[in-house]
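Asks: my questions concern the predicted model and sequence given below.
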Amino acid sequence: MSDILPFDRPEFADRVAANQRRLTADLHGSYDFIVCGAGSSGSVVARRLAENPSVRVLLIEAGGSDDMPTVMDPMAWAANLGSANDWGYVTEPNPHLNGRALPLNAGKVVGGGSSINVMVWARGHRSDWDHFAKETGDESWGYDSVLGIYRDIEDWQGRPDPRRRGTGGPLYVQPVPDPGPAAVAMVDAAREIGIPTFASANGEMMEGDGGCAFEDVLIRNGRRNSIFRAFTYPVLDQPNITLLTGTQVTRVIVERGKAVGVEAVREGRRLRFAADREVVLSLGAIQTPALLMRSGIGDEGELRQHEIPAILPLPGVGANLQDHVAFCCIWEYREPIAPRNTGSAATLYWKTDPSLPSPDLLFCQVEFPVPSPETALRGVPAHGWTMFAGLAQPKSRGRVRLRSADPLAAPRIEHSALSDPEDVRAAIAAVDLCRRLGSTRAFDPLVVRESLPGELGPAEMEQFVRDAAVTYWHPTGTARMGRDEMSVVDGKLRVYGIDRLRIADGSVMPRIATGNTMAPCVVIGEKAARAIRAEHGF
């Protein structure tokens, strides 16, 4: 194909493989920068640092290669769930979900979540970024500044919007190609009940009350274009960046208040690497706080419980866990309709109360039935589509804790969805709006009936949302930016009280972004890299 990039060619892949074999066969004891995690933020940080040829970067990733059909084929994303590419987290039983424990899938592969997700590019609402700026006291986190970062990194393929969209950047972003009938009907249904529709789910739509649109996606030439593939892979033929896969970081080494390196486990062997300049944690909202705690940085009571010596008391480590949750409403098709693309092509952001400053609901359409195990018992059609009626700004807060001092033990995840009564009220309102959309004329040609939840009384509807709740797999907030005692990092993403240690991933969000979290995590990676380059003078 004429638009194949140089790093998509077989000869480039061969060069990368040969270079990385050489580098990993001759690992050094020290590097200038160690980036822990090759996900949606870490991939960006590693790339931007390695752009300076005099800087040596070690990028450590617990997972393996992404060069497999389940990752590269956009339609095959679900096959990664529960596979070796998935951390396979399960939350603690939640009394607010009738004692249910939720699967919380997370990418354990280069690219992290961007290698196993549905590739939705959702940039967040104006209010999210302005909130980040307010919490940090740093205007560079505000929407107008972040808009410049988005313009820099995008190679936008849709309708031109020069104020909001950029071209020529590393990230090929396009409107979802050839949306299916259910996606088209969802946009038409929103218009039918008075919700505005837009040409893109980003840009103008996310500066006001919200609306409905087809999604923007990271698909190029019919293949997944993960953040790793867009940012890191094109520089892996360079001699100054080493990608060490299959390696789990177990501890940050801190000496005299300064991060000087990391310990890790690879193929059963314990390794130690020194960082001459900085250590950057990009392990995500579950593993980043767990690593901090295993390193003696966190709540003193939590550390004492596991007999971990406290290097630095930081009570906010692991706290403030947030996640988008959804309540699956399902309709039966009149006849089978094969899913297209990733099986999801339309999204909607709206408000439960018009007086709210920004959308508090997040909907996406899925072109096959997706019940929770509990609601599946109510009856699910063989052929149908699902609307995820979700909470964009949940008020419930959970926590990540250690299960033991074992550095490889999975953390305990207290998800706490629907623990705040306001979230229950919003969940019921979300399902009501979902049912209104599904009963519009726009869906008449496609559906026979509403399968779930159907007409329910108030008590039954509350029971339904507690049984139906599933996660969007967007955990955030567990090492948040801010200026109070529960903050973990400042506006430059530096860990309070520890020099040369920075965090760049979704854990730093003071509140969860309105929408899928991949795009905001890319911005977080860019912000971290720019801060590091400015401080180190390159």
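Replies: Arrived safely, thanks for sending.
Asks: and the pLDDT for I297?
Replies: What the model reports as pLDDT for I297 is 98.
Asks: find the nearest non-adjacent residue to it, please.
Replies: Closest residue to I297 in three dimensions, ignoring its sequence neighbours and counting by C-beta to C-beta, 6 or more residues apart in numbering: L312, at 4.8 Å. The way it works is simple: take the backbone N, C-alpha and C, and place the C-beta from them, glycine included.
Asks: check E374 too.
Replies: Nearest non-adjacent residue to E374 (C-beta to C-beta, 6+ apart): D467, at 4.0 Å.
Asks: okay, and the one you found sits in which element?
Replies: Assigned by DSSP states H and E, D467 belongs to helix 458-468.
Asks: next, the buried residues of that helix.
Replies: Using 16 or more other C-beta atoms under 10 Å as the test for burial, helix 458-468 gives 461-462, 464-468.
Asks: list just the nearest of those residues to V184.
Replies: A468 (25.3 Å; C-beta to C-beta).
Asks: ok, the closest one touching I330?
Replies: No: the pair A468 and I330 fails to qualify as a contact (C-beta atoms under 8 Å) at a distance of 9.8 Å.
Asks: need the overlap of contacts for the two.
Replies: 371, 452 (C-beta atoms under 8 Å, 6 or more residues apart in numbering).
Asks: thinking again about what came up before, gap between the residue nearest to E374 and Y172?
Replies: Separation of D467 from Y172 (C-beta to C-beta, to the nearest Å) stands at 40 Å.
Asks: so for the helix holding D467, mean pLDDT?
Replies: Model confidence over helix 458-468, given as mean pLDDT, is 98.
Asks: how about stretch 169-178?
Replies: Mean per-residue pLDDT for stretch 169-178: 96.
Asks: from here on, call the first residue 28.
Replies: Got it, first residue is 28 now, which makes that one stretch 196-205.
Asks: ok, back up a step: give me the number of neighbouring residues for the residue nearest to I324.
Replies: Taking other C-beta atoms under 10 Å as the criterion, the count of residues near L339 is 19.
Asks: how about the strands in the stretch 428-565 of the chain?
Replies: Assigned strands in the stretch 428-565 of the chain, in chain order: 439-441, 474-479, 496-498, 528-530 (criterion: DSSP state E, counting those that start in this stretch).
Asks: so which residues make contact with the third one?
Replies: What that stands for is strand 496-498. Residues contacting strand 496-498 (C-beta under 8 Å, 6+ apart): 124, 127, 129-131, 350-355, 397, 399, 415, 442, 444-445, 454.
Asks: emit the ChimeraX select command for whichever of those are buried.
Replies: With 16+ other C-beta under 10 Å as the criterion, this ChimeraX line picks the buried residues out of the contacts of strand 496-498:
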select :124,127,129,131,350,351,352,353,354,355,397,399,415,442,444,445,454
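Asks: restricted to helices, list the contacts of strand 496-498.
Replies: A454 (DSSP state H).
Asks: distance of the residue nearest to T259 when sequence neighbours are not counted from V136?
Replies: Beyond its immediate neighbours in the sequence, the residue positioned closest to T259 (C-beta to C-beta, 6+ apart) is S70, lying 4.4 Å away. When C-beta to C-beta is applied, the distance between S70 and V136 equals 12 Å.
Asks: re earlier: as JSON lines, the strands of the stretch 428-565 of the chain with distance to E329 would be great.
Replies: Rendered in JSON lines, the data for the strands of the stretch 428-565 of the chain read as follows (distance: least, C-beta to C-beta, whole Å):
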{"stretch": "strand 439-441", "distance to E329": "10"}
{"stretch": "strand 474-479", "distance to E329": "39"}
{"stretch": "strand 496-498", "distance to E329": "23"}
{"stretch": "strand 528-530", "distance to E329": "18"}
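Asks: V276: which of the ones you listed is closest?
Replies: Using C-beta to C-beta as the measure, strand 528-530 is the one of these that comes nearest V276, at 12.5 Å.
Asks: now the strands for the stretch 28-177 of the chain?
Replies: Along the stretch 28-177 of the chain, counting by DSSP E, counting those that start in this stretch, strands occupy 57-63, 84-87, 116-117, 130-131.
Asks: most tightly packed of the ones you listed?
Replies: Here the criterion is mean neighbour count by mean count of other C-beta atoms under 10 Å, and of these the winner is strand 84-87, at a mean of 27.
Asks: list the contacts of the nearest residue to F491 once chain neighbours are set aside.
Replies: Leaving out its chain neighbours, the residue that sits closest to F491 by C-beta to C-beta, 6+ apart is P480, at 4.6 Å. Neighbour list for P480: 356, 402, 405, 458, 462, 488, 491, 495 [criterion: C-beta under 8 Å, 6+ apart].
Asks: what pLDDT does the fifth one get?
Replies: The pLDDT attached to R462 in the predicted structure is 97.
Asks: go on, S29?
Replies: S29 is assigned a predicted lDDT (pLDDT) of 42.
Asks: CA-only coordinates of stretch 283-298 in PDB, if you can.
Replies: Output in PDB follows, covering the C-alpha atoms of stretch 283-298 (Å, rounded to 0.1, in the frame of the first residue of the first chain):
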ATOM      1  CA  ARG A 283      19.200   9.600  51.000                       C
ATOM      2  CA  GLY A 284      15.800  10.800  49.700                       C
ATOM      3  CA  LYS A 285      16.700  10.200  46.000                       C
ATOM      4  CA  ALA A 286      15.600   7.500  43.500                       C
ATOM      5  CA  VAL A 287      18.800   5.900  42.300                       C
ATOM      6  CA  GLY A 288      17.500   2.900  40.400                       C
ATOM      7  CA  VAL A 289      15.100  -0.100  40.400                       C
ATOM      8  CA  GLU A 290      15.100  -3.800  41.200                       C
ATOM      9  CA  ALA A 291      13.300  -6.200  38.900                       C
ATOM     10  CA  VAL A 292      12.600  -9.900  38.200                       C
ATOM     11  CA  ARG A 293      13.200 -11.400  34.800                       C
ATOM     12  CA  GLU A 294      12.900 -15.100  34.100                       C
ATOM     13  CA  GLY A 295      13.200 -15.800  37.900                       C
ATOM     14  CA  ARG A 296      16.400 -13.700  38.100                       C
ATOM     15  CA  ARG A 297      16.700 -10.600  40.300                       C
ATOM     16  CA  LEU A 298      18.200  -7.600  38.400                       C
END
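Asks: mind listing what the closest residue to E234 other than its chain neighbours touches?
Replies: With C-beta to C-beta, 6+ apart as the criterion, E234 has its nearest non-adjacent residue at 4.7 Å, and that residue is R153. Under the criterion of C-beta under 8 Å, 6+ apart, the contact list for R153 reads 170, 233-235, 385.
Asks: now swap in Y523 and tell me
Replies: Contact criterion C-beta under 8 Å, 6+ apart gives 341, 514-517 as the residues in contact with Y523.
Asks: so which of the residues you listed are in helices?
Replies: With helices taken from DSSP H, there is no overlap with the contacts of Y523.
Asks: would you map the helices across this protein?
Replies: Remark: helices assigned in the chain by DSSP H are 37-52, 69-77, 96-99, 153-163, 170-180, 208-219, 254, 311-321, 327-332, 400-403, 448-465, 485-495, 545-563.
Asks: right, and those helices - which one's nearest Q392?
Replies: Taking C-beta to C-beta as the criterion, helix 208-219 is the member of those that comes nearest to Q392, at 4.6 Å.
Asks: V393 is in contact with T413, isn't it?
Replies: Yes: taking C-beta under 8 Å as the contact criterion, V393 and T413 are neighbours in contact, 4.3 Å apart.
Asks: spit out the residues that contact these two alike.
Replies: A shared contact of V393 and T413, defined by C-beta under 8 Å, 6+ apart, is any residue touching both; here there are none.
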